[in-house]
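Visitor: 3D, please:
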Amino acid sequence: MFALQHSGDAHPMHLHLVFFEVLGRKEIKWDSCTSHADRSCDPKDAKGDGTYLEEMAIVESSGNLASGFKIINPTPGADIETRPEYFENARKDMVTALPEQITMIKATFDKPGRFVWHCHILSHEDHEMMRVLYVGDDVDEES
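Guide: Okay, here's the model as predicted:
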């Protein structure tokens, strides 16, 4: 599992009911159709050589429509050295996803099911930064 973070802020990402380890961080390799100011790209213009953002409508918790994006072709780039004072080599249930990076984690779940993960910035939980991760062999469409 990984978290790709493209905003200018750090996001404290929390995964419920499981501890994990941080495997490392990588730069995001952006598709050559993107610019530094705007990482979005029309799919027909994508070169296929990296990550790009596709604009999409999202529904906010208020019910209003807003503009958002989805991540297309997430592509890791070069490894990022972790600062020695930045402590990541312990079991944890929250990690800070830093701007312009892919944070890779490894979790071992003790049972199948749905697990919530989200950003610990409260307003972000209401704006599409709370998700369900399904762990198991098959998705049960009835539940």
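Visitor: next structured bit after the helix-or-strand element of the chain with minimal mean pLDDT?
Guide: Ranked by mean pLDDT, DSSP states H and E, the weakest helix or strand in the chain is strand 2-5, scoring a mean of 55. Sequence-wise, the next helix or strand downstream of strand 2-5 (DSSP states H and E) is strand 11-15.
Visitor: what residues of that following strand count as buried?
Guide: Neighbour-count burial for strand 11-15 flags 11, 13-15 (criterion: 16 or more other C-beta atoms under 10 Å). To be clear about C-beta, it is placed using only N, CA and C from the backbone, and glycine gets the same treatment.
Visitor: of these, closest to D38?
Guide: Using C-beta to C-beta, H11 is the member of these that lies nearest D38, at 20.3 Å.
Visitor: verify the stated contact: that closest one with W117.
Guide: No. At 11.2 Å, H11 does not count as touching W117 under the criterion of C-beta atoms under 8 Å.
Visitor: got the phi and psi for the nearest residue to R131 once chain neighbours are set aside?
Guide: Closest residue to R131 in three dimensions, ignoring its sequence neighbours and counting by C-beta to C-beta, 6 or more residues apart in numbering: W117, at 5.7 Å. Main-chain dihedrals, W117, degrees, to the nearest 10: phi -130, psi 150.
Visitor: cool, P99 as well?
Guide: phi -60, psi 140.
Visitor: having no further points to raise, I will conclude here.
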